[in-house]
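Undergrad: Sequence first, then the predicted structure, then my questions.
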Amino acid sequence: MEKEYVNENGTSTKIVQLNYRTSDFGNRKRLLYVPEIIDPKSKKPTALKKLFSFLAIIGIILASNCSQIPENNDPVIGVWANPLSTATSETDKNPSRQEWIFNDAFLGRYHSYENMVLAVKTDFKWVHENGMYIITYPGTDIPDQSVILQESQEGSLLRDPSGNVVAVKE
């Protein structure tokens, strides 16, 4: 059942009968008064209702278009380790290992092991500028590093500007 009444100020109100269930599983009937914003002369929604609908559509379009994250396919992404750390001999009494894990969000994790025990674990940021990767360790005493990515017969290498091998891709 649905009836519409027009008030003396020109707004209309619909009376809608709703059926609902209660906890005792019995059916109940209620009348619900739903005020509408309707121009009494034209019986059309007002400009305010149209404006809100338009803004909602614009909001949905903006939210769906702004959520794309660019893909980072940089060749440095992955796990890199110091090549000297893989040498384990009886003369090496203090084996150490350095490890860099580069991710696609220009961040990473640095691990340093002494005697096979984790000594340093920190995050780092990296940027690729002019063919060189600059690694910074915010909040630590570790100095910034600049490395160059080179491909060789041994695999991918990170070298410092003087040509020394810093890490090998695992």
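TA: Cool, the structure landed.

Undergrad: could you point out which element follows the lowest-mean-pLDDT helix or strand in the chain?
TA: Every helix and strand in the chain was compared by mean pLDDT, DSSP states H and E; the lowest is strand 27-36, with a mean of 51. Remark: after strand 27-36, the chain's next helix or strand is helix 47-65, criterion DSSP states H and E.

Undergrad: would you say E71 is within a helix?
TA: No: counting by DSSP: H, G, I helix; E, B strand; the rest coil, E71 is not found in a helix; it is coil.

Undergrad: now it: how far from L107?
TA: E71 is 16 Å from L107, where distance means Cβ to Cβ, to the nearest Å. To be clear about C-beta, it is placed using only N, CA and C from the backbone, and glycine gets the same treatment.

Undergrad: neighbour-wise, which of these two wins?
TA: L107 (12 against 6; other Cβ atoms under 10 Å).

Undergrad: Per-residue pLDDT of the more buried one, please?
TA: Looking at L107, its pLDDT reads 93.

Undergrad: which residues in this protein form strands?
TA: Along the chain, counting by DSSP state E, strands occupy 2-6, 12-21, 27-36, 78-81, 96-102, 107-114, 117-129, 132-136, 145-152, 155-159, 165-169.

Undergrad: among the ones you listed, which gets the worst mean confidence?
TA: Across the strands of the chain, strand 27-36 gives the lowest mean pLDDT, at a mean of 51.

Undergrad: quick one: E71 from A105, how far?
TA: Distance check for E71 against A105: by Cβ to Cβ, it reads 11 Å.
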